[in-house]
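Chemist: pasting a predicted model and its sequence here:
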Amino acid sequence: ETGVTQTPRHLVMGMTNKKSLKCEQHLGHNAMYWYKQSAKKPLELMFVYSLEERVENNSVPSRFSPECPNSSHLFLHLHTLQPEDSALYLCASSQSPDRSVETQYFGPGTRLLVL
Amino acid sequence: QKEVEQDPGPLSVPEGAIVSLNCTYSNSAFQYFMWYRQYSRKGPELLMYTYSSGNKEDGRFTAQVDKSSKYISLFIRDSQPSDSATYLCAMTGSARQLTFGSGTQLTVLP
């Protein structure tokens, strides 16, 4: 596997379900990100993990819970989601978030549908 | 007002045409400007980046930044059907986070 991988690629869940999205980067990077991409809207940064420090967008609801056990793996735990949470969830990684040029490498995304 | 404005399109052009994609922004602190390309059912991939004002060329692609007007452009010469994708502009200042435009959907017709 190369680059940034995400599983599953597609997910359908009910509002009472609990599920997790997984991301793995094979680039030796030390920062990882979760983004939400909705149709016709800009990518919305949800969470950043860098060297075990977490930075989050304060507007992200608590029904989204990230976990970063090490620099190569990132999870997004989902519970009691709403239909408006249906979107493409993208994971990205970069060498270091403190470098001026933010070259982020993206995974293919998980297409989530909440019924 | 959004920090970054980008016309969502869709934009359709014939093969071989010159394509111009644009973004405007409001935050004067932005110094680094990127263009990402996103094919259907794929994640965005970095196409080009520029620092401050000026032009940068890479093959058929030219990125321009005009900081005085807070306006950036991506030109694609001799466009090909394989260029059909959504193009996202992104930018950042000294902070670690990128601010993205909403993307322009481009179709190059053979």
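Modeler: All right, it came through fine.
Chemist: only C-alpha atoms from now on, for both contacts and neighbour counts.
Modeler: Fine.
Chemist: tell me the pLDDT at A:Glu56?
Modeler: Per-residue pLDDT puts A:Glu56 at 72.
Chemist: likewise for A:Glu1?
Modeler: Reading off the model, A:Glu1 has pLDDT 56.
Chemist: same deal with A:Gln25?
Modeler: As predicted, A:Gln25 sits at a pLDDT of 95.
Chemist: contacts only, for the residue nearest to it when sequence neighbours are not counted.
Modeler: Nearest non-adjacent residue to A:Gln25, counting by C-alpha to C-alpha, 6 or more residues apart in numbering or on different chains: A:Val4, 4.3 Å away. Residues in contact with A:Val4 (C-alpha atoms under 8 Å, 6 or more residues apart in numbering or on different chains) are A:Cys23, A:Glu24, A:Gln25, A:His26, A:Leu27, A:Cys91, A:Ala92, A:Ser93, A:Tyr105, A:Phe106, A:Gly107, A:Pro108.
Chemist: measure the residue lying closest to A:Ala31 once chain neighbours are set aside to A:Ser94 for me?
Modeler: Using C-alpha to C-alpha, 6+ apart and skipping residues adjacent in sequence, the residue nearest A:Ala31 is A:Ser50, 4.3 Å away. From A:Ser50 across to A:Ser94, the span is 9 Å (C-alpha to C-alpha, to the nearest Å).
Chemist: which residues do those two both contact?
Modeler: Joint contacts of A:Ser50 and A:Ser94 (C-alpha under 8 Å, 6+ apart) are A:Asn30, A:Ala31, A:Met32.
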